[in-house]
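Asker: Sequence plus predicted model, see below.
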Amino acid sequence: MKCSECYSENPRITPLRGARDCLSNHLQYVCSACGRVICIGAIGQKKARCLMPFGSLEQAQLYLKAAEIMNQGLCGIYELIYKRGDKRYRVFKNSHELSVFLKKNSQIKCEKKEPVYISKEYHPVKQEQIHHLTPDEVEKYIAERKELGLK
Ligand SMILES: [Zn+2]
Ligand SMILES: [Zn+2]
């Protein structure tokens, strides 16, 4: 079943890559329902993982909650066509933000200007759910990932 707060079925699936580095060095949002940790970068900065392109809709969904928190409201996942026809998924606050992005990146196309996925409602999280993990929290989370067969 999908977590009602962070929308994932797997409570330890993130980080998708470079888990130790991400958990130790980046700001994290911790789901209050399932305990999953999602890289949220620095609030207000556009470099966060959740705002970068994803190879699949499923991966984008894993980071959607972090994007919603950064934008303090609903965000849509849009399907983009990159050079050579590769599909990528990116999260934008709305179709206006998408248009601004497409204007700056004329080699990237978006056929449907509608999100391929959007949450029904946005529920804000508590400020204390967003923090850097302590070294002990990092080790505990990594151990829990190993139990589930994740690196
Ligand atoms: Zn990270
Ligand atoms: Zn959760």
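Answerer: That came through fine. Ligands and ions are numbered 1, 2, ... in the order given.

Asker: ok, and for stretch 14-26, which residues are buried?
Answerer: Within stretch 14-26, the residues scored as buried using 16 or more other Cβ atoms under 10 Å are Thr14, Pro15, Ala19, Cys22, Leu23, Ser24, His26. C-betas here are computed from N, CA, C, even on glycine.

Asker: Toward the C-terminus, what is the element adjacent to the helix or strand bottoming out on mean pLDDT in the chain?
Answerer: Every helix and strand of the chain was ranked by mean pLDDT, DSSP states H and E. The lowest is helix 19-25, at a mean of 93. Downstream of helix 19-25, the first helix or strand assigned by DSSP states H and E is strand 28-30.

Asker: center of this structure, which residue is that?
Answerer: Tyr63 (1.6 Å; Cα atoms, centre = their mean).

Asker: ok, now which ones touch that residue?
Answerer: Thr14, Ile38, Cys39, Arg49, Cys50, Phe54, Val91 (Cβ atoms under 8 Å, 6 or more residues apart in numbering).

Asker: cool, and Leu64?
Answerer: Neighbouring residues of Leu64 by Cβ under 8 Å, 6+ apart: Tyr7, Cys50, Cys75, Ile77, Val91, Tyr117, Ser119.

Asker: pretty sure the last one contacts Glu68?
Answerer: Read that as Ser119. Yes: between Ser119 and Glu68 there is a contact under Cβ atoms under 8 Å: 6.9 Å.

Asker: and this protein, which residues reach ligand 2?
Answerer: For the chain, the residues in contact with ligand 2 (Cβ under 5 Å from the ion) are Cys3, Glu5, Cys6, Cys31, Ala33, Cys34, Arg36.

Asker: mind listing the helices for this structure?
Answerer: Here the chain has its helices, by DSSP state H, at 19-25, 57-71, 95-104, 135-147.

Asker: Including distance to Val125, could those helices go into CSV?
Answerer: Below are these laid out as CSV (distance: least, Cβ to Cβ, whole Å):
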stretch, distance to Val125
helix 19-25, 18
helix 57-71, 6
helix 95-104, 22
helix 135-147, 17
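
Asker: All set, thanks.
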